[in-house]
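Colleague: I need the structure of the sequence given here:
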Amino acid sequence: MCGFVGLWSAQKDVRELRPRLRESLASIRHRGPDGNGFFVAPNVQLAHARLSIIDLSSAAQQPMLDASGRWALVFNGEIYNFAQLAAEHLAHDESVNPRSDTSVLFGMYRRYGPDCLHYFNGMFAFAVVDMVEKRLFLARDRFGEKPLYFLRTDDCVVFASEIGAMRALLPERSWQIDVASVARYHLTGSVRAPGTIYRDVKALEPGSWFEIGLGAVSRQGRYWSIGSVTNIALQRQQKAGVPEDVTERVQFLLKNAVESRLVSDVPVGLFLSGGMDSGSIASLAHTVGKPVTDALCIDFEEARFSEYRLAKSTADRFGVKLHRAVVTEDLFMSGIGAFFAASDQPTTDGFNTYFVSKFAAALGTKVWLSGVGGDELFGGYPSFRRLAVLKLAAQILAPFAPKYAVGYATRLAGDNLKALRLLQLSVPGDAAATAYTVCRNTIPGLFLSQFMSRSALETFDITVLGSVASYPNTDFCTDTFQAAGVMETAVYMGSQLLRDMDNFSMTHSIELRAPFLDHRLYEYVFSLPAAFKQRRGFVKPLLADSLPHPLPLELTSGGKRGFTFPIETWMKASISESFCEFVFVAENEQFWNFEAIRRIWERYQAGQLHWSVPWSFYSLARWLAVQRELQ
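Modeller: Predicted structure coming up:
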């Protein structure tokens, strides 16, 4: 687990920027405080900050060069099946260190090229430079657990684990905020790849690779997507009639996923809430004979948000020592400035990961397991149950709602978000995606014209921006349960949860691993019909049935208990004092219609709006304030 930054050019000598490379690496020192390395050649600069997890020796130091001097590698992440790959594919390659996942990844790339990506079970982002053929190759893991950003200029490519490192490398460049990305942020709480908040910076999409060579000739490919692999797996299941015992198969895959994520040369802890996902990991770790010894639970003074009692019940059942960390309103407010300063891109979420990672780092453990992915995989979110009704409504409304009628009705609805959500269902497009936006988006797309500034609205087509054309295709899905899973995986988890998880864990120099994001487990469970994953009165019944050691009954019955901070309570007190101070500044008028924002704030204070709507503006305003200080 690390961070890197690089600059590559096929023609230009980039060595003159070497002094900035050190400054750039210093900006992401938090990602790898255990060591740093540099490689500089006429057409390439690479810098790497190392967090030592697997193979703690200097032999795994990066940037890593092959024996011939042709290739150079920088890598961020973990390849969990590296030992198996070394034995099966690289046994005769004496240059490969079988104890280092970095060395194994490097060897696999040299042998198979882009096809090596199909062999990896892990989370990763890496760059390989071929100095003979003058090529740059970038790749990212299937789900996007590890970030990789790049910027193409006229004569070079800059790439990094964080955009902040790129800014430090090219400080003279105009780092312009993309207004359309601001609007997208307000819809979903983040900016989806391949876009970023900056106009010219791209995020390599999950499950993708990019290569560029002489003459700036580039090619790219997608080696994995949940839609394509699920469709193939589904066809196989249908032909076979799902003959094996499903729960036994899921249990086998779960145990394998957890065991592989416990591969480490340093201790591994667990983020334990009162929910099923993290509790399941505790159960499975106990089963495979590698129980985590320490777990961490975030707690609050506000009793209705506390999950400590449930987490303690799970910890006691599996012999795990549970550490309790209380986040008070005062602690939150004193740390929120640092949270926004650490945000590589704006997000409406992430503060939970920021604070739990801060407490985790204080315990001295580098690696922690997280339950992220369990809800997306086994159907824990309300969207899995609501999508069917909303999709049907969208299918009925769309044919009878011409564009002019929707536009007229939108003007009549004004800032009534409930009415706008209903109208959103009539917007043409994929019915499942439309229904998902109504379930999940902070605001409906039709509301953008109400609060974005006039100048902002002139820079993009609001009709296109508010559409669902860029959402994942769900035509292959056999039911709305599966369609909800595809949407949750690609949109909420892929664009927000995983990005925040990496950003704020690495801010505190710790590594988070997500056992539920084992692609073999994901592919199999996604391919199963909804009947296996739904049961009235139970939360994620397939997961509960597949555990070798059951969880406490109160975790598996009833509705989902989402882990949330008491932001609404804190907004009414502490945050309300600074809302106007940060939001209503002259520089923000390029994005927002201030009169509309004032009405939103007044409606929230009157109890007419959910806290997430004003928080969207406050969070972005705080992030923008930090960026202005950096200029």
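Colleague: what's the longest helix in this structure?
Modeller: helix 612-630 (DSSP state H).
Colleague: can you list the weak-confidence ranges in the stretch 351-500 of the chain?
Modeller: 401-409, 412, 462-467 (pLDDT under 70).
Colleague: all helices for it, in order.
Modeller: Taking DSSP state H, counting those that start in this stretch, the helices of the stretch 351-500 of the chain run over residues 351-362, 374-378, 383-397, 403-413, 417-424, 431-440, 448-451, 454-457, 462-465, 480-487, 498-507.
Colleague: now those helices as a markdown table including distance to residue 612 and mean neighbour count?
Modeller: All C-beta atoms are positioned from the backbone trio N, CA, C, and that covers glycine. Converted to a markdown table, these look like this (distance: least, CB to CB, whole Å; neighbours: other CB atoms under 10 Å):
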| stretch | distance to residue 612 | mean neighbour count |
| --- | --- | --- |
| helix 351-362 | 13 | 21 |
| helix 374-378 | 18 | 26 |
| helix 383-397 | 15 | 19 |
| helix 403-413 | 19 | 14 |
| helix 417-424 | 11 | 19 |
| helix 431-440 | 11 | 24 |
| helix 448-451 | 14 | 20 |
| helix 454-457 | 21 | 14 |
| helix 462-465 | 20 | 15 |
| helix 480-487 | 18 | 26 |
| helix 498-507 | 15 | 25 |
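Colleague: now those in TSV, with distance to residue 344?
Modeller: What follows is these, written out as TSV (distance: least, CB to CB, whole Å):
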stretch	distance to residue 344
helix 351-362	12
helix 374-378	23
helix 383-397	27
helix 403-413	34
helix 417-424	29
helix 431-440	23
helix 448-451	24
helix 454-457	23
helix 462-465	23
helix 480-487	24
helix 498-507	5
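Colleague: residue 617: which of these is closest?
Modeller: helix 448-451 (8.2 Å; CB to CB).
Colleague: of all the helices of the stretch 351-500 of the chain, which one is nearest residue 15?
Modeller: Evaluated over the helices of the stretch 351-500 of the chain, closeness to residue 15 peaks at helix 498-507, with 28.6 Å, by CB to CB.
Colleague: helices or strands up against that closest one?
Modeller: Here helix 498-507 touches helix 329-342, helix 351-362, strand 511-513, going by 3 or more CB pairs under 8 Å, 6 or more residues apart in numbering; DSSP states H and E.
Colleague: how about a cut-off of 7 Å?
Modeller: The contact analysis (3 or more CB pairs under 7 Å, 6 or more residues apart in numbering; DSSP states H and E) places helix 498-507 against helix 351-362, strand 511-513.
Colleague: out of the ones you listed, which is closest to residue 369?
Modeller: Using CB to CB, those put strand 511-513 closest to residue 369, at 5.4 Å.
Colleague: next, the buried residues of whatever helix or strand comes next after the closest one.
Modeller: Tracing the chain past strand 511-513, the next element assigned as helix or strand by DSSP states H and E is helix 519-527. Neighbour counts over helix 519-527 (16 or more other CB atoms under 10 Å) mark 519, 521, 522, 523, 524, 525, 526, 527 as buried.
Colleague: quick check: which of the helices of the stretch 351-500 of the chain is nearest to residue 208?
Modeller: Nearest to residue 208, of all these, is helix 498-507, at 14.5 Å by CB to CB.
Colleague: what angle do that closest one and helix 351-362 make?
Modeller: Here helix 498-507 runs at an angle of 30 degrees relative to helix 351-362 (axes from the mean of the first three to the mean of the last three CA atoms, to 10 degrees).
Colleague: now do helix 498-507: distance to the chain's middle.
Modeller: 8 Å (CA atoms, centre = their mean, to the nearest Å).
Colleague: show me the contacts for the residue nearest to residue 437 when sequence neighbours are not counted.
Modeller: Nearest residue to residue 437, sequence neighbours excluded (CB to CB, 6 or more residues apart in numbering): residue 468, at 6.1 Å. When contacts are counted by CB atoms under 7 Å, 6 or more residues apart in numbering, residue 468 touches 429, 430, 433, 434, 437.
Colleague: and the two most separated of the residues you listed?
Modeller: Comparing all pairs in these by CB to CB, the longest separation belongs to 430 and 437, at 10.2 Å.
Colleague: thinking again about what came up before, which of the helices of the stretch 351-500 of the chain sits closest to residue 152?
Modeller: Taking CB to CB, helix 498-507 is the member of the helices of the stretch 351-500 of the chain nearest to residue 152, at 21.3 Å.
Colleague: where do the strands sit along the stretch 101-250 of the chain?
Modeller: Assigned by DSSP state E, counting those that start in this stretch, the strands in the stretch 101-250 of the chain fall at 122-130, 135-140, 149-152, 157-160, 202-203, 208-212, 218-222.
Colleague: just say which of those strands is most tucked in.
Modeller: Neighbour counts (mean count of other CB atoms under 10 Å) averaged over each of those peak at strand 157-160, with a mean of 26.
Colleague: what packs against it?
Modeller: Applying 3+ CB pairs under 7 Å, 6+ apart, we find strand 157-160 packed against strand 2-8, strand 149-152, helix 163-169.
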